[in-house]
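Participant: The following comprises the amino acid sequence and a computationally predicted model.
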Number of protein chains: 2
Amino acid sequence: MREVRLVSRPVGMPTAENFELVEVDLPEPTDGQVLVRNHFMSVDPYMRGRMNDVKSYVPPFELGKAMEGGAVGEVVASANPALAVGDLVLHNLGWRDVALVPDKGARRIEAIEGVSLSAYLGVLGMPGLTAYVGLLDIAEFKPGDAVFVSGAAGAVGSVVGQIAKARGASRVIGSAGTASKVAWLRGIGFDAAFDYHEGPVRARLKEAAPDGIDVYFDNVGGEHLEAAISALRPYGRVAMCGAISAYNATDAPPGPNNLSLAVGKRLTLRGYIVSDHNRRMKDYLPEMSTWLAEGKVQWQETVVDGLENATEAFQGLLTGQNTGKMVVKL
Amino acid sequence: MREVRLVSRPVGMPTAENFELVEVDLPEPTDGQVLVRNHFMSVDPYMRGRMNDVKSYVPPFELGKAMEGGAVGEVVASANPALAVGDLVLHNLGWRDVALVPDKGARRIEAIEGVSLSAYLGVLGMPGLTAYVGLLDIAEFKPGDAVFVSGAAGAVGSVVGQIAKARGASRVIGSAGTASKVAWLRGIGFDAAFDYHEGPVRARLKEAAPDGIDVYFDNVGGEHLEAAISALRPYGRVAMCGAISAYNATDAPPGPNNLSLAVGKRLTLRGYIVSDHNRRMKDYLPEMSTWLAEGKVQWQETVVDGLENATEAFQGLLTGQNTGKMVVKL
């Protein structure tokens, strides 16, 4: 079996030299472990943070060891009475062809007719729950709100916008980085979408939401956050989910120069981490399943083939090569 | 009677040329109005914002008209059956010796033995309520929290720190702009205080709160807010009350370059305006009265004499010439 290890910490954008693809012996499961043949692994923006040696809400990836991340696969050997060979499972030991998953580290999932298993890494998994919790619990979305989401063509952003529409938003605006993503967003029900490369975000947002916004779902930070603060109406809320514009920055990027508007506008900006909110999965999954069945939510994936291309997939994610969820097929 | 009018809009720090002291005829009250001889008027940082011609939570002061603001005084003529000559009242028509206050524009107050009437402009008034609401409702202070407050020697900041202590804070840290203010803060029970002119705020805060903080009460913005974001522990909260460092800025000041830390730390930053929370006065006044009687809260005033010096008092407020509440005795 093969695994991708982090061998040096990236400075700025990760490069091929930061990673190594290594062959290792296939282990035997013992004491509740299961051996899982991974079918798909996830690449997600938060992984960039774990490549830095800084204290954060999760410890950094260790140098010389395989990285981790969401994956789905099939049990091929089991020392766990609760999991049988052939069971499909979701677990956190991606970045390898075959994973030795510890007791309680794998959750059994059901194959759904016509739906790729990889959905459990996206719309039915962590990114979908991130969208749901961020919009409803963190930004306290209410029907009638106008919602702006950045990184709107990504795994999280595309779900945010569609949940907002399904729950009665007055207007949903998305930003993305290419014309084809913008076209896709319009196709899946966004009321307005723009390519942030085409002029200042503040001006584009003003055109797209002339009456302002009530909620900003921030995947990007930087100029987007500043533009949103200007556009927010009184009592507006910001769910701070990520700041992909800064993940590869080597110097501290400038902060929003209009943050003091939050006083007079009574804004709330709130950061969150989805793993604090896993209890909401039981509410999310039935609701999302209904929306999917009704066609109210559409999703898309960008699939890269093979573990040997996983680091390129990750780099592509950081530069916006994906539309919808970026996954690696193993 | 005399009144202070705004005759031109300040660019940067207000100057004498922006204001005019004008004599006007003494009017007669009719239709529920009362004529009030003002004893004290308030100067407050928020007034700087009203001098700009921008849309905000309150309309800007009008050019050529008397400014407004908190004042306390004595009814000298009344066309209002609810208020008699000799009654003491709190109202919003400061910046004049004598005010013609409309029906329902004045609230009767009680003289308290040994307490200056001006307390109703400070610890028993809007600034005190600002401290209470910001700390307890907006920043959701809990006993055991470590609290940092900037502008800590001001009317609001000094009350924030003392309420935090009275309600069981584990540690209260204040910043101020002179050595004598810092000494005063230590004297009234702050666990640590520093002069922000003495080195970077981030380093001074780190010394004063080596284990970090849970709540930041922001009166200042800018470098203070950035330092606080760095020092905040997971699930920390920021009450955004004001940003005096930027009130006279002619260019947009830089924003905090570490705001994206709010994601991983799950921070909440929330702006507020005290007038949204006036219903809390009924909770605040009894509690503060008890603290004052028990000596748990001390307060101080900087008193400037005469309406002719009111604009200087306001300028002094913006440059930190006050310790405690800045008021003008009329």
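Facilitator: Great, that's in hand. On a predicted model such as this, the values are computed, not experimentally measured, just so you know. Residues are numbered from 1 along each chain as shown, chains lettered A, B, ... in the order given.
Participant: Can I take it that A:Arg280 is in a helix?
Facilitator: Yes - checked against DSSP: H, G, I helix; E, B strand; the rest coil, A:Arg280 lies within a helix.
Participant: tally of neighbours for it?
Facilitator: 15 (other C-beta atoms under 10 Å in any protein chain shown). Heads up, the C-betas are built off the backbone N, CA and C, glycines and all.
Participant: How about it: what's its closest non-neighbour residue?
Facilitator: A:Val133 (5.4 Å; C-beta to C-beta, 6 or more residues apart in numbering or on different chains).
Participant: Measure how buried the closest residue to A:Val58 other than its chain neighbours is and give me the count.
Facilitator: Distances taken as C-beta to C-beta, 6+ apart place A:Arg50 nearest to A:Val58, at 6.1 Å, with adjacent residues excluded. Residues lying near A:Arg50 (other C-beta under 10 Å) number 20.
Participant: likewise A:Ser78?
Facilitator: With other C-beta under 10 Å as criterion, A:Ser78 counts 20.
Participant: What's opposite it in the beta bridge?
Facilitator: Per DSSP bridges, the residues bridged to A:Ser78 are A:Val34.
Participant: What residue in the stretch 201-330 of chain A comes nearest to chain B?
Facilitator: Proximity of the stretch 201-330 of chain A to chain B (C-beta to the nearest C-beta) peaks at A:Gly255, 3.0 Å away.
Participant: Next one: the residue nearest to A:Val58 from A:Tyr57, what distance?
Facilitator: 10 Å (C-beta to C-beta, to the nearest Å).
Participant: same thing with A:Val4?
Facilitator: 23 Å.
Participant: swap in A:Thr290?
Facilitator: Distance from A:Thr290 to A:Tyr57, by C-beta to C-beta: 32 Å.
Participant: Of those two, which one has the most company?
Facilitator: The neighbour count for A:Thr290 versus A:Tyr57, taken as other C-beta under 10 Å, is higher for A:Tyr57 (15 against 12).
Participant: which SS class is that one?
Facilitator: Here A:Tyr57 is coil, with the state taken from three-state DSSP.
Participant: swap in A:Arg237?
Facilitator: Taking three-state DSSP, the label given to A:Arg237 is strand.
Participant: element containing the closest residue to A:Val274 other than its chain neighbours, please.
Facilitator: What sits nearest to A:Val274 in space, not counting adjacent residues and going by C-beta to C-beta, 6+ apart, is A:Thr130, at 4.3 Å. Per DSSP states H and E: A:Thr130 is located in helix A:126-132.
Participant: After that helix, heading C-terminal, what element do we hit next?
Facilitator: Following helix A:126-132 in sequence, per DSSP H and E, is strand A:146-149.
Participant: Please identify the buried residues of that next one?
Facilitator: A:Ala146, A:Val147, A:Phe148, A:Val149 (16 or more other C-beta atoms under 10 Å in any protein chain shown).
Participant: so how far is A:Gln315 from the one residue sitting closest to the centre of chain A?
Facilitator: Chain A has A:Pro127 as the residue nearest its centroid, 4.3 Å off, counting by C-alpha atoms, centre = their mean. Separation of A:Pro127 from A:Gln315 (C-beta to C-beta) stands at 19 Å.
Participant: ok, now A:Thr323?
Facilitator: Taking C-beta to C-beta, one finds A:Thr323 at 16 Å from A:Gln315.
Participant: One more: A:Ser118?
Facilitator: 19 Å.
Participant: If you count surrounding residues, which of those two has more?
Facilitator: Counted by other C-beta under 10 Å, A:Ser118 and A:Gln315 do not tie: A:Ser118 has more neighbours, with 23 against 19.
Participant: what's the closest residue to the more buried one other than its chain neighbours in contact with, if anything?
Facilitator: Spatial nearest neighbour of A:Ser118, chain neighbours left out: A:Phe40 (4.2 Å); criterion: C-beta to C-beta, 6+ apart. Shown in contact with A:Phe40 (C-beta atoms under 8 Å, 6 or more residues apart in numbering or on different chains): A:Ala71, A:Val72, A:Gly73, A:Ser116, A:Leu117, A:Ser118, A:Leu121, A:Val327, A:Val328, A:Lys329, A:Leu330.
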